[in-house]
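Q: pasting a predicted model and its sequence here:
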Amino acid sequence: MTEDRVVFALGNEAIAEGAFAAGARFYAGYPITPSSEVAEAAARRLPELGGVFIQMEDELSSMAAIIGASAAGARAFTATSGPGFSLMQENIGMAVMGEIPCVVVNVQRSGPSTGMATKPAQGDVMQARWGTHGDHGIIALAPSSVQDCYDMTARAFALADRYRTPVVLLADAAVAGMREKAIFRKLSQAELGGRALPSCAPDDFRPFATAPAEREIAPLPPFGGDYIFRVTGSMHDERGGQSASPKNADRVVRHLVDKLERNRADIVRVRGYGLEDADAVVISFGCTARSALAAVRQARGLRDGLRAGMLELTTLWPFPDDEVREVLSRAKLVVVAELNLGQAEREVRRLNEYGACVLGVNRVDGDLITPDEILAPIAEALS
């Protein structure tokens, strides 16, 4: 992209355009409501950009294809919804273990199973974190606007390359299916990021070294060059060969977690509104954050001016522990609003060492949480 474009766009279209702006040139996927517009945009635009679009036979193969494309050097992504995200979990684990960067867009819909295909939900929060087996780290971002869909998708690719990890864009049917004004920006080089290439001699290259001298995370050259490495889902040594050593297994698993935990300051982002003096704080994310912000503004606009604030979790994983602790240490009431039965609320309660009252506002009927539903417990508690 050579210049900024002001557009009136669909969230799913913004996701696709954010990927293209970030340099993504490979998409493999299987159409599923409510994410199909991402695939449609990829099918239309990638041939124009010199990229590759493949409609796969299912979500298992889609995930496998983007792992292969990424290992070959491409920025690669796929898009799906709940049932497809479930099928992708085995190969998401493969990408975690092989430290292969890629982006997985999950436009959440009502579940479980087929659920209600056109209804928004936020029920995949824990699945994004723990859906694939074994201890591991993951990054998950949650957009609440069409602008976020563009910006966060682009950022997802930079994070994936920087930390050699799959990144989940945990969107929802409401945000992905709405149209609003957005700016499709030309990304700076810092925003684009990129993969570090090895500087050592090819024979000295260790693609899975956990403490290389020059970097915390080993560089990743594309297949086909002088630097040869193996990718396996099995436990492996620093060169990629299989290893059943207990000491090595401990090193690998701790590295997969620690490389993200040590870099929380770079990865985790939140948005705050009115937190400076808030007695009641709403914690939310995705489409529900829009209702939360409206509720907080209504609360402050009441005659008695209820002191309410909002913390929007734009990064869901790693969970924003420090930012949530800060809220819990100062607020009397914390309301966690989400389109599930309390998945983020569990994390908030885990961090509550301060005696704050934590309440959930939840819906799982396919309808959105309204500002009034969030405002009610705030007004009752603070009046």
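A: Noted; the coordinates are in hand. Source: prediction; values computed, not measured.

Q: burial measure for the closest residue to residue 45 other than its chain neighbours, as a count.
A: Take residue 45 and drop its neighbours on the chain: the residue closest to it by C-beta to C-beta, 6 or more residues apart in numbering is residue 20, 6.0 Å away. Every residue, glycine included, has its C-beta placed from N, CA and C. With neighbours defined by other C-beta atoms under 10 Å, the count for residue 20 comes to 23.

Q: and the gap between residue 20 and residue 104?
A: Separation of residue 20 from residue 104 (C-beta to C-beta, to the nearest Å): 17 Å.

Q: name the SS class of residue 310, please.
A: When classified by DSSP: H, G, I helix; E, B strand; the rest coil, residue 310 comes out as strand.

Q: where along the stretch 201-350 of the chain do the strands fall?
A: 270-273, 280-284, 308-313, 315-317, 333-338 (DSSP state E, counting those that start in this stretch).

Q: revised request: answer the last question for the stretch 51-200 of the chain.
A: Under DSSP E, counting those that start in this stretch, the stretch 51-200 of the chain gives strands at 52-55, 75-80, 102-110, 116-120, 139-141, 166-172, 179-184.

Q: which intervals of this protein have sub-threshold pLDDT?
A: 1-2, 211-215, 303, 383 (pLDDT under 70).

Q: 80 instead, please
A: 1-2, 210-216, 302-305, 382-383 (pLDDT under 80).

Q: domains of it?
A: Per the record, the chain has its domains at 5-192, 271-382, by the TED database.

Q: just send those back as JSON lines, with distance to residue 244 too.
A: Output for the domains of the chain, formatted as JSON lines (distance: least, C-beta to C-beta, whole Å):
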{"stretch": "domain 5-192", "distance to residue 244": "15"}
{"stretch": "domain 271-382", "distance to residue 244": "29"}
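
Q: deepest-packed of those, please.
A: Greatest average neighbour count among the domains of the chain goes to domain 5-192 (a mean of 21), per mean count of other C-beta atoms under 10 Å.

Q: circling back: now tabulate the strands of the stretch 201-350 of the chain in JSON lines and tack on distance to residue 259.
A: Output for the strands of the stretch 201-350 of the chain, formatted as JSON lines (distance: least, C-beta to C-beta, whole Å):
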{"stretch": "strand 270-273", "distance to residue 259": "21"}
{"stretch": "strand 280-284", "distance to residue 259": "27"}
{"stretch": "strand 308-313", "distance to residue 259": "21"}
{"stretch": "strand 315-317", "distance to residue 259": "14"}
{"stretch": "strand 333-338", "distance to residue 259": "28"}
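
Q: residue 359 is nearest to which of those?
A: strand 333-338 (5.2 Å; C-beta to C-beta).

Q: angle of the closest one against strand 308-313?
A: Following axes from the mean of the first three to the mean of the last three C-alpha atoms, to 10 degrees, one obtains 40 degrees for the angle between strand 333-338 and strand 308-313.

Q: where's the residue nearest to the spatial centre of the chain relative to residue 325, distance?
A: Taking C-alpha atoms, centre = their mean, the centroid of the chain lies closest to residue 140, which sits 2.3 Å from it. According to C-beta to C-beta, residue 140 stands 20 Å off from residue 325.

Q: what's the local residue count around the closest residue to residue 230 other than its chain neighbours?
A: Using C-beta to C-beta, 6+ apart and skipping the chain neighbours, the partner closest in space to residue 230 is residue 240 (3.4 Å). Using other C-beta under 10 Å, the number of residues around residue 240 comes to 17.

Q: these two touch, right, residue 240 and residue 229?
A: Yes: with contact defined as C-beta atoms under 8 Å, residue 240 and residue 229 form a contacting pair (5.0 Å).

Q: is the residue nearest to residue 45 part of a helix or strand, or is it coil?
A: Per three-state DSSP, residue 20 ends up helix.

Q: got the contact list for the closest residue to residue 108 other than its chain neighbours?
A: Nearest-residue entry for residue 108: residue 172, 4.5 Å, with adjacent residues in sequence omitted and distances by C-beta to C-beta, 6+ apart. Counting by C-beta atoms under 8 Å, 6 or more residues apart in numbering, residue 172 touches 107, 108, 109, 120, 121, 122, 286, 287, 339.

Q: can you do 7 Å?
A: 107, 108, 120, 121, 122, 286, 287 (C-beta atoms under 7 Å, 6 or more residues apart in numbering).

Q: and those residues as CSV, adding distance to residue 331?
A: Output for the contacts of residue 172, formatted as CSV (distance: C-beta to C-beta, whole Å):
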residue, distance to residue 331
107, 32
108, 27
120, 27
121, 27
122, 22
286, 21
287, 23
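
Q: before we move on, back to that, kindly provide the distance from the residue nearest to residue 108 to residue 188.
A: For residue 172 relative to residue 188 (C-beta to C-beta), the value is 28 Å.

Q: cool, residue 369 as well?
A: Taking C-beta to C-beta, one finds residue 369 at 36 Å from residue 188.

Q: run the chain-centre distance for stretch 179-186.
A: 20 Å (C-alpha atoms, centre = their mean, to the nearest Å).
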